[in-house]
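Asks: test case, fold it:
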Amino acid sequence: MDPAGGCPHAANARLLARGPVTSVILPGEVEGMAVLGHDALKEFLSHPDVAKDARHFAALQAGEIADGWPLRAFATVRGMTTADGADHRRLRSLVSKAFTARRVEELRPRVAALTDSLLDGLEEAAATGDGVADLRAHFALPLPMGVICELLGVEAAHHDRLHHLSNLIVATDIGPEEAKAANREMVEVLSAVAAARTERPGDDLTSALIAAREENGDRLGPHELIGTLMLTIIAGHETTLNLITNAVRALCTHRDQLALVRSGGASWADVVEETLRWDSPVSYFPFRYPTRDLAVGGTVIPRGTPVLAGYSAAGRDPSAHGPDAGRFDIARDRGVRHLSLGHGAHYCMGAPLARMEGVAALERLFARFPGLDLAVPESELPRHASFVGNSVRRLPVRLRG
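Replies: Prediction:
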């Protein structure tokens, strides 16, 4: 795996042509595997003999993984994404109340108001930048970050720092000392958030998690609380940030598709679903571990191997999505559902919120700026320095073409 990330699609196509599962070398010369094919990934994500708990990570348990390994946090953070079975269900039940369909619907007016306010800011930024503004920085980022932090009760003063630390935590090209420092500071910031909510509880998820008790008396421990907050913030804004960024890029470089949705021939929800499939916000997500030697897609994955879920590859797998899987087509037949938001017990509980934010953002953005277009050729846009996230770091646009 290239620690510097970059656009994954050409490499994915080459790997898929060889098979749905491949061996990979992770940063630090750690041996792993990746599941790339749609059918193989769907099977793997819901297989009863696949775990998320790092006690099943053979090399980690053998002491072969350095403390500053850039992907270590994905394995060792305490929370839903590293829990299995009853423990996973307990943690998920405590958080899920914030992401019910009813709660998402209640957030719709707030998302609309925040979207319109950010569009004002985007226009102001363009006015001072010769008509060009970074849509990612001024719109695609603050929208989901604002929503998820409002849900969690995180004050605005922390937003920029939390995004910066999130970027470092999902980066795969940083050194061990920088990785350790980022994780340490993230814990410090979130501990301060938790302390503030403990002292002054509010109508937010953090306060609810601190107070929550299930019928059997279980509650989140301190490490689980911080781990859950970290995962919720990273997953709750990075993925939607990439979704909105990738959708705008796709529409600007496929003007026929933009015309189709603006004419009513397709919906903004169709744009969101096709973007999730065609340019998944997450490329390769760490980690799952077979609890026994497991045959997937004709390849045996040895017990204890760290496995990446190849969402960006599965989204363009011709065996599932047809020979034109590499084409951005918002009107395509969706007989096969994409896997970009997961599958099985760990399916993304924030999926309804991400979809709602994506639709609101795109609909209001192009209603206000119908001539919006990229200010530089797409090939010149700088990519994420990570093979986990899949997007670009900046998106300079001209609001009126």
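Asks: can you give me the strands in the stretch 1-150 of the chain?
Replies: 21-26, 30-35, 50-51, 132-134 (DSSP state E, counting those that start in this stretch).
Asks: paired strands for the third one, with orientation please.
Replies: Pointing back at strand 50-51 there. strand 284-290 (antiparallel) (DSSP bridges).
Asks: got the angle for the partner strand vs strand 30-35?
Replies: With axes from the mean of the first three to the mean of the last three C-alpha atoms, to 10 degrees defining the directions, strand 284-290 sits at 100 degrees from strand 30-35.
Asks: packing partners of the next helix or strand after strand 284-290?
Replies: Next along the chain after strand 284-290, taking DSSP states H and E as the criterion, comes strand 294-296. For strand 294-296, the packing partners by 3 or more C-beta pairs under 8 Å, 6 or more residues apart in numbering; DSSP states H and E come out as helix 38-45, strand 299-301. Every residue, glycine included, has its C-beta placed from N, CA and C.
Asks: what pairs with the last one, and is each one parallel or antiparallel?
Replies: When pairing is defined by DSSP bridges, strand 299-301 lines up against strand 294-296 (antiparallel).
Asks: could you pull out the buried residues of the strand it pairs with?
Replies: Buried positions in strand 294-296, judged by neighbour count with 16 or more other C-beta atoms under 10 Å: Leu294, Val296.
Asks: and the contacts of that strand?
Replies: Outside strand 294-296, the residues within contact range by C-beta atoms under 8 Å, 6 or more residues apart in numbering are Pro20, Val21, Val35, Ala40, Glu43, Phe44, His47, Asp49, Val50, Val300, Ile301, Arg303.
Asks: on that earlier part again, as CSV, the strands of the stretch 1-150 of the chain with mean pLDDT and distance to Gly221 would be great.
Replies: CSV is the format used below for those (pLDDT from 0 to 100; distance: least, C-beta to C-beta, whole Å):
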stretch, mean pLDDT, distance to Gly221
strand 21-26, 96, 29
strand 30-35, 97, 29
strand 50-51, 98, 20
strand 132-134, 96, 40
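Asks: mean neighbour count added to those, as CSV?
Replies: CSV is the format used below for those (neighbours: other C-beta atoms under 10 Å):
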stretch, mean neighbour count
strand 21-26, 18
strand 30-35, 22
strand 50-51, 22
strand 132-134, 20
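Asks: distance to Glu273 for these - can I get that in a markdown table?
Replies: Formatted as a markdown table, those follow (distance: least, C-beta to C-beta, whole Å):
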| stretch | distance to Glu273 |
| --- | --- |
| strand 21-26 | 26 |
| strand 30-35 | 22 |
| strand 50-51 | 26 |
| strand 132-134 | 26 |
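Asks: so for Ala325, which of these sits nearest?
Replies: strand 30-35 (16.9 Å; C-beta to C-beta).
Asks: sheet partners, orientation included, of that closest one?
Replies: Applying DSSP bridges, one finds strand 30-35 paired with strand 21-26 (antiparallel), strand 307-310 (parallel).
Asks: helices of the stretch 301-401 of the chain, start to end?
Replies: According to DSSP state H, counting those that start in this stretch, the stretch 301-401 of the chain carries its helices in the segments 311-315, 318-321, 351-368.
Asks: so what touches the second one?
Replies: Read it as helix 318-321. Here helix 318-321 has contacts from Leu16, Gly37, His38, Asp39, Arg277, Ala314, Gly315, Ala325, Gly326, Arg332, Val336, His338, using C-beta under 8 Å, 6+ apart.
Asks: looking at the residues you listed, which has the most residues close by?
Replies: Greatest neighbour count in the contacts of helix 318-321, by other C-beta atoms under 10 Å, goes to Ala314: 29 neighbours.
Asks: now do that residue, the pLDDT please.
Replies: Listed pLDDT for Ala314 reads 98.
Asks: show me what contacts it?
Replies: Val35, Leu36, Gly37, His38, Leu41, Lys42, Ser280, Ala320, His338, Leu339, Ser340.
Asks: how close does Pro48 get to Tyr347?
Replies: 16 Å (C-beta to C-beta, to the nearest Å).
Asks: returning to that earlier point: format the contacts of helix 318-321 as CSV; extra columns: distance to Leu141.
Replies: CSV is the format used below for the contacts of helix 318-321 (distance: C-beta to C-beta, whole Å):
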residue, distance to Leu141
Leu16, 31
Gly37, 32
His38, 30
Asp39, 34
Arg277, 23
Ala314, 26
Gly315, 23
Ala325, 29
Gly326, 28
Arg332, 29
Val336, 31
His338, 24
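Asks: of the residues you listed, closest to Leu119?
Replies: Out of the contacts of helix 318-321, the member with the shortest distance to Leu119 (by C-beta to C-beta) is Arg277, at 26.7 Å.
Asks: touching, that closest one and Leu341? I think so.
Replies: No. When contacts are counted by C-beta atoms under 8 Å, Arg277 is not listed as touching Leu341 (10.4 Å).
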